[in-house]
Each structure stands twice: as structure tokens, then as C-alpha cells.
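>>> Sharing a model that was predicted from the sequence below.
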Amino acid sequence: MQPVNMNTDNFLLAPTSEVGGKDILDNEAFLNLLVTELKNQDPLQPMNDREFIAQIAQFSTLEGIQNVYAGVNQLKALDLMGKSISALSPQGQETIAGIVQGIRVDKGNTYIIVNGIDIPVENVLTVAPAD
């Protein structure tokens with residue numbers, strides 16, 4: 001049986017916790033921005049209720065998308081249990097091959113354990129049934 005290509009670059013975008021030099025905001029940065037906006041608003045002309053509700057809705061949507069992404073990665077990792085995979089090392093500099101022996105979830109990030117190494121599930125390149 002041929003290995004299956006697991007390249008998901010165009011499938012989902014990973015959530016980010018980096019702000020600065022990028023155009024992406026995580027939920028903490030979004031909340032900080034909203035609080036700063038509320039602190040600095042003119043008390044005689046407060047923020048429009050509709051604007052505030054829209055921003056809270058955007059925050060909730062962002063959080064929901066991040067939860068869905070984490071869930072998809074956990075399901076993907078469960079499906080890989082016991083299978084033979086090749087993946088980029090956590091640093092992305094070498095390829096690691098072996099059988100998925102376990103799964104670890106830490107701070108919303110999902111890792112598969114191969115040869116005793118925690119590998120982000122996003123780094124998986126190929127999957128094949130174990131021999």
C-alpha cells in the first residue's frame with residue numbers, strides 16, 4: 001500500500017500567539033486591543049453598542065475557530081496511532097520516520113510521539129499502515 005501524503009498547508013491555518021510584525025491577532029491580543037479601546041474612549045461619546053457587540057462576536061468567532069482547529073488536530077493524531085509516518089522534526093530540519101506510539105496535548109497544541117520524540121501533528125508528511 002502506498003503512503004498517503006498528509007500535507008495540510010492549504011487545509012487549515014495554525015493559530016498563532018505571535019503579534020508584532022504580523023497581520024494576525026490571537027485572542028489575547030484581540031482582547032487587549034478591545035480593553036485599550038474601552039479605556040481610551042471619550043466618556044462623552046462612548047463606543048456605539050453595535051460596534052461593541054460586533055467586536056465581542058468577532059472575539060467569540062476567533063475563539064471558536066481556534067477550538068475547532070485544536071479538535072481537528074487531536075482527531076488527526078488519534079487516527080495516526082499505530083501507523084507508520086514520516087514527519088519533519090519539531091525544528092523542521094530533519095525527517096523522522098517511525099510508528100506513532102502516543103499522543104500528547106499541551107496548551108492546545110497536539111503532538112504525536114514517534115521514537116520518543118514529540119512531533120507537532122502539523123509536521124506529518126506521509127502515513128502508511130504499520131508493517
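Everything's here; your move. Numbers count the residues shown, from 1 in each chain.

>>> For the rest of this, base every contact and every neighbour count on C-alpha atoms.
Fine.

>>> I'd like to know how far Phe52 sits from Pro43.
15 Å (CA to CA, to the nearest Å).

>>> Is Gln58 part of a helix or strand, or is it coil?
helix (DSSP: H, G, I helix; E, B strand; the rest coil).

>>> Retrieve the pLDDT associated with it.
If you check Gln58, the pLDDT there is 83.

>>> Neighbours of it, how many?
14 (other CA atoms under 10 Å).

>>> try the one 4 residues further on
The burial count assigned to Leu62 is 16, neighbours taken as other CA under 10 Å.

>>> the strands in the protein, which residues?
Taking DSSP state E as the test, the strands found in the chain are 4-5, 84-88, 95-106, 109-114, 117-120, 124-128.

>>> And Phe52 and Pro43? Which one has more around it.
The neighbour count for Phe52 versus Pro43, taken as other CA under 10 Å, is higher for Phe52 (13 against 9).

>>> which one in the protein is furthest away from the centre?
Residue farthest from the centre of the chain, counting by CA atoms, centre = their mean, is Leu44 at 41.0 Å.

>>> sorry, back to before: take the strands of the chain and lay them out in TSV including mean pLDDT, mean neighbour count and distance to Asn32.
Shown next, in TSV, are those (pLDDT from 0 to 100; neighbours: other CA atoms under 10 Å; distance: least, CA to CA, whole Å):
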stretch	mean pLDDT	mean neighbour count	distance to Asn32
strand 4-5	54	12	39
strand 84-88	94	21	34
strand 95-106	93	17	24
strand 109-114	94	22	23
strand 117-120	94	20	28
strand 124-128	93	19	34
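
>>> among these, which is nearest Ala70?
Each of these has some distance to Ala70 by CA to CA; the shortest is strand 109-114, at 6.8 Å.
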